[in-house]
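just to be clear, the model below is a prediction. Sequence and coordinates:
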Amino acid sequence: MFKRILIANRGEIAVRVIRACRDLGIESVAVYSEADRAALHVREADFAVAVGPPPARESYLNIERILDAARATGADAIHPGYGFFSENAGFARAVAAAGITFIGPPPEAIEKMGDKVEARKLMSAAGVPVTPGSPDTLETEDEVRAVAKKVGFPIMLKAAAGGGGKGMRMIENDADLASAVRTVASEAKSSFGDGRFYVEKYLNRPRHIEVQVFADQHGETVHLFERECSIQRRHQKVVEESPSPFITPAMRREMGEVAVRAARAVGYVGAGTIEFLADADRNFYFLEMNTRIQVEHPVTEMVTGIDLVKAQIEVAAGMPLPFKQKDLAQRGWALECRIYAEDPAAGFVPAPGKIETMRLPDGPGVRVDAGVYEGAEVSLFYDPMIAKLVAWGRDRNEAIGRMRRALGEFVVTGALTTNLDFHRWIVEHPRFIAGDFDTNFINQEYRPEAAGQGGDDAHLAALLAAAVMAYRNGHNGAAAAQPTAAAPAAGGVVSPWKILGRLDMLRR
Amino acid sequence: MFKRILIANRGEIAVRVIRACRDLGIESVAVYSEADRAALHVREADFAVAVGPPPARESYLNIERILDAARATGADAIHPGYGFFSENAGFARAVAAAGITFIGPPPEAIEKMGDKVEARKLMSAAGVPVTPGSPDTLETEDEVRAVAKKVGFPIMLKAAAGGGGKGMRMIENDADLASAVRTVASEAKSSFGDGRFYVEKYLNRPRHIEVQVFADQHGETVHLFERECSIQRRHQKVVEESPSPFITPAMRREMGEVAVRAARAVGYVGAGTIEFLADADRNFYFLEMNTRIQVEHPVTEMVTGIDLVKAQIEVAAGMPLPFKQKDLAQRGWALECRIYAEDPAAGFVPAPGKIETMRLPDGPGVRVDAGVYEGAEVSLFYDPMIAKLVAWGRDRNEAIGRMRRALGEFVVTGALTTNLDFHRWIVEHPRFIAGDFDTNFINQEYRPEAAGQGGDDAHLAALLAAAVMAYRNGHNGAAAAQPTAAAPAAGGVVSPWKILGRLDMLRR
Amino acid sequence: MPTRFVATLGDAEHQIEVKELAAHTLRLGIGGRDFEVDVRQVGPSSYSILLERRSFDFDVARDGDEVVVASRRGATRVGLVDAARKRHHGPAAREHAGGRAELKAMMPGRVVNVLVAVGDDVAQHQGLVVVEAMKMENELKSPKAGKIAEIKVKPGQTVEKGELLVVVE
Amino acid sequence: MPTRFVATLGDAEHQIEVKELAAHTLRLGIGGRDFEVDVRQVGPSSYSILLERRSFDFDVARDGDEVVVASRRGATRVGLVDAARKRHHGPAAREHAGGRAELKAMMPGRVVNVLVAVGDDVAQHQGLVVVEAMKMENELKSPKAGKIAEIKVKPGQTVEKGELLVVVE
């Protein structure tokens, strides 16, 4: 087993890996940019090494600085987390060349799955269903039009080197085709340095359902069932759960088998995810493979009882998988809400800043993986995630009840805005509660102005709070300037009479 | 289902019940003494009613004030928590007479199990094994001597009206007998108003193992397996776990069956616990029944996935048990550490005070049920519990690893002392890790002066901290008065050279 | 003497009177009705209030002219104005607001581009400034039609949330 | 000019020198060897220190004359004395400590009984005061043999942790 693991990452996933190390009695090494000296992962690790200025490419994405840090602290393995270097075959090779173990799949597997068009071909050959579309990369508008004619509109145009929701556009009809091709080609070139693209048929009411796979170095490959990740915003996951409320036992079995086949086809080792899209008729198609641990891994941990990060470390150390397929079962239901410093009412723009007060929910069935602490700064330089809030219950209903309660207990104040209320809106939504949603759910249903802000009770609390604050601060507590006529504030009209009625009710 | 539940309790268990209410969409009513206006349970509840001065008998144990509070808020059920009124048949009857549902067993069951000698007889008749001893209550020294002759020394002398570890004494030989009888008789009379006592044989290396039972109003009674609670201090539980590392599958099955039989014998309804003592040969004997939810219920929740408090509420509302015996299984392993404001080095005296900083552990497999918050006062008037820290793992080893990590993440500072380091000592102890312990473990093994305070790393950290604090505060940071010659401080001699060696090692 | 305030919640204005009756006890008048509340500060920004046996627990933070109140039920923004001050300055302020509009940064970020110059005529919703936060660019639009009176930022500059960017008259 | 301190850890005394080299950077001398540490205050009582790439994170609290340092590895008490002050006052204080002993409350509680009167001769470990905390009574014993010089409390009175109860000379 390793003696000391360097985590080439930051935020909640770095803290998550540090916890796994500590559970195993392994020392942890944090790396940090100049912006992160006081970050939680630096405080929690046994060692910490500065690796450069705030911009990620000069620090967290600087291979030499990371390797120097590993050598200086005598780390014998590197965990890449997700994002940054986690799906970079070059980094994996450089780590190995330095005589250090890369905690992840072989670089060849990363490469094969990294090229989305090659991956489609490989999966097709391995008997994994892929969405109807172009068998190869395309380069011209006419080629796209020809495929569209064959599979029918709408279609998805995607960058061959893309992935993770970037560099893609839906085309509804021929009129939109020309401009979409120009845009995607240009985005693909500028973002990935590779202007090639390909076409997939756009599915009817698509659901994003993925299967967690795990393989060791001794030829054992298993799956840990599915995660439903259809609650998305611009192809970014917002709420995930396991099991999926959509799939049947037969479909679950089949998806699991297909996922194991897919992983075997690329000689996979470690934790990986096969992402599928399912249509309303429950056909499912390979979307892409993520060759790393994922943000949403805790929901699988809650229902299977397996510590996936710990298993990653054990497998990388050459140990056999600590579980066989027959040992694995789903128990209960788990949900994850991604809590971000962002402003849903302003188009979800990042809204980072200093956290003045933070109280995390707790109690039965609740887990929080946080990357920050009270007093910390959510940095402008990186992903503005605050925490992942996970709730488990014996069934979906119990899990939702606990998530709702936990969202209520979660307090964050300071010069930042969070999406806590947005999550409260989701878990109260009848379609969410019924499990009746697809990847268009947020697009179709969310209207910031209609989502309200907590209802009458919250408004009454707000008036009480305002009165107390105003009194406490004396006249200084009142805004010094003119009334903020522009403030849209608490969505919708609030009648003073309604609130007074509420007050009267309390007197009964 | 109930609309609004009053919780006739305080601290972590009141918060625990409020959380269960919220998960079920039921409103909660807190009651509070004058000392508890700013307590966590008052902040968390939907309603809160003052019930009197700080001493419990004038507030939390004032039946009329509690019932008035229930009537004033329109509560349709009362949850008693543990302690206070939880095992008081008179309270249960008064609640029912007020037309409110008591969330607990029928008063008759409370009474039958409340008299320890009657309970022994009842259990014996129901085929439940009881410890060899006196079949009935005794009143004289000679009667005790006669029983001792029959069952052999050592014996336990216990107050008939006692329970929960109070009013009992071990007698090793005839020489100690007379004074022990005088003391127990006097304690029993002053504490319980009932001077009767009885005798049980003292078992060899006794382990405290209990079985959680649950029954509904429709005749269904099940068990939820065992909890091992042998890590005790003066008959007070300190660390609990489930499963027990001691019992065999056959013994588990038998204990479960016996526990169900015991519950049925008193017409039990709701959550209860049959406590057993087991000797080194794995014989087990009925000790007593606790007719309420217990402090250590979370370890059972973690391994069975059942929310016991929620099930209490559902059963009290007349619903059938939401699980049958065949639905129940143990998965993984759970440990609970009771975190108290007490000073282990000073004989575990309570050491309450204001909490200045509190950071709770989190992440995979960790649950905290806390009764306080940062800035709160741990009150002199009540049980000085801060929180229950629970860790779950796939096996005992993983659970211990996570508990150790969680104890490290748990920060409490302020004008109080905690037993966190005492728990760290327990979970590092080879006998604890091996599962090789009985109820004498702490007595035999714990020496405050030898338990150390964190080892070299902690000492190095302390020196760094002291230096930084001293510098930061300038000369004011140094103690103004004479060196505290009396301070026993960090147990044992710490060589400056050892610490310097440690510093040198870091430079390598 | 009670203190008077006007609290703005969404489009509604609430007249509020506050008077201290005893330590921890305030009398609140909302819309002419009186309520006694028991108030405790339980943390740097946390308050526990009991009103008619109902328990309210919330955290407060100031954000510019508003108070953000976060409780179990969600976060709500309340505008808060001293009643006397409002009476005197309200109308003038409103006129002022009608003649002049300020574009402020909605999030901290970096100014990528300024699309107008002082003196330009602009239409309502015309893009004025492009601000980048994380990897996203956001075009900030003119709140009204008018003429650019002031430009407070230049490309490359970092801005804080709420910082004044452009004034349109 | 570095500042000098003596830190007492268990029975050992450590000479410590501290000098600020730059913002966040201190030079610590411990036993004549020098170390550079990077220090950040990350909370009201929380500090993060990096020393030779090693990360230390702890919370500190003062408890009377000592500093309680709580970290992942446990809580440790350190006595802290200004080196110059120690040189001047140390011996005197020690003599003083030898001639006079103070019995202080080890926990907050209520005085149930005072077992001695001023002027009484007492043996070492003789019970002086009974204090109740929660439901437990604790007999507090004399730290030394001597004569009762002062009694600062009476039955029924509430005492704070560290409060002076009795002086024995």
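Cool, got the structure.

enumerate every residue touching residue 101.
Because you didn't say which chain, this covers chain A. A:Phe2, A:Asp76, A:Ala77, A:Ile78, A:Val95, A:Ala316, A:Ala317 (C-beta atoms under 8 Å, 6 or more residues apart in numbering or on different chains). Any C-beta I mention is one placed from the backbone N, CA and C, and that applies to glycine too.

I was after chain C.
C:Ala101 touches C:Ser142, C:Pro143, C:Lys144, C:Gly146, C:Val167, C:Val168, C:Glu169, counting by C-beta under 8 Å, 6+ apart.

what's the closest of those residues to B:Pro298?
Using C-beta to C-beta, C:Pro143 comes nearest to B:Pro298 of the contacts of C:Ala101, at 53.9 Å.

hang on, the earlier thing: adding neighbour count as columns, could you present the contacts of A:Thr101 in CSV?
CSV is the format used below for those (neighbours: other C-beta atoms under 10 Å in any protein chain shown):
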residue, neighbour count
A:Phe2, 21
A:Asp76, 16
A:Ala77, 23
A:Ile78, 30
A:Val95, 25
A:Ala316, 23
A:Ala317, 16
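
ok, back up a step: pick out the lowest-pLDDT one from the contacts of C:Ala101.
Ranked by pLDDT, the contacts of C:Ala101 bottom out at C:Pro143, which has 76.

which residues does it contact?
A:Ala486, C:Ala101, C:Glu102, C:Leu103, C:Gln124, C:Val168.

of those, which pair is most distant in space?
C:Glu102 and C:Gln124, at 14.4 Å, using C-beta to C-beta across the contacts of C:Pro143.

between those two, who's got more neighbours?
Set side by side, C:Glu102 and C:Gln124 show more neighbours around C:Glu102, with 15 against 12, by other C-beta atoms under 10 Å in any protein chain shown.

give me the phi and psi angles of the more buried one.
Here is the backbone geometry of C:Glu102 (degrees, to the nearest 10): phi -110, psi 130.

same check, this time on C:Ala12
Residue torsions, per degrees, to the nearest 10, at C:Ala12 are phi -100, psi 150.

where does chain C come near chain B, residue by residue?
Residues of chain C lying near chain B by C-beta under 8 Å from any C-beta of the partner chain: C:Asp38, C:Arg40, C:Val42, C:Gly43, C:Ser46, C:Ser48, C:Leu50, C:Arg53, C:Arg54, C:Ser55, C:Asp57.

how about the nearest residue to the fifth one, chain neighbours excluded?
When the adjacent residues along the chain are set aside, C:Ser46 lies closest to C:Asp59, with 5.1 Å between them (C-beta to C-beta, 6 or more residues apart in numbering or on different chains).

need the pLDDT of the one you found.
For C:Asp59, pLDDT reads 91.

how close does A:Ala69 get to A:Val95?
A:Ala69 sits 12 Å away from A:Val95, taking C-beta to C-beta, to the nearest Å as the criterion.

run a quick neighbour tally on the nearest residue to A:Ala109 once chain neighbours are set aside.
Distances taken as C-beta to C-beta, 6+ apart place A:Val266 nearest to A:Ala109, at 4.5 Å, with adjacent residues excluded. Neighbour count for A:Val266, taken as other C-beta under 10 Å: 23.

for the chain, give me the ranges with low pLDDT.
If you meant another chain, say so; for now it's chain A. A:163-165, A:450-457, A:473-508 (pLDDT under 70).

other chain: chain C
C:1, C:31, C:83-99, C:106-107, C:133-138.

residues in contact with the closest residue to chain D within chain C?
Here chain C gets closest to chain D at one residue, C:Pro44, 9.3 Å apart by C-beta to the nearest C-beta. Listed by C-beta under 8 Å, 6+ apart, the contact set of C:Pro44 reads A:Glu356, A:Thr357.

in three-state terms, label A:His459 for me.
Secondary structure, DSSP: H, G, I helix; E, B strand; the rest coil: A:His459 is helix.

just the helices from chain C, written as ranges.
Chain-ordered helices for chain C, with DSSP state H as the definition, fall at C:83-99.

up against chain D, what does it have?
Close to chain D, as judged by C-beta under 8 Å from any C-beta, chain C has no residues.

sort out for me which of the contacts of C:Pro143 are in strands.
C:Ala101, C:Glu102, C:Leu103, C:Val168 (DSSP state E).
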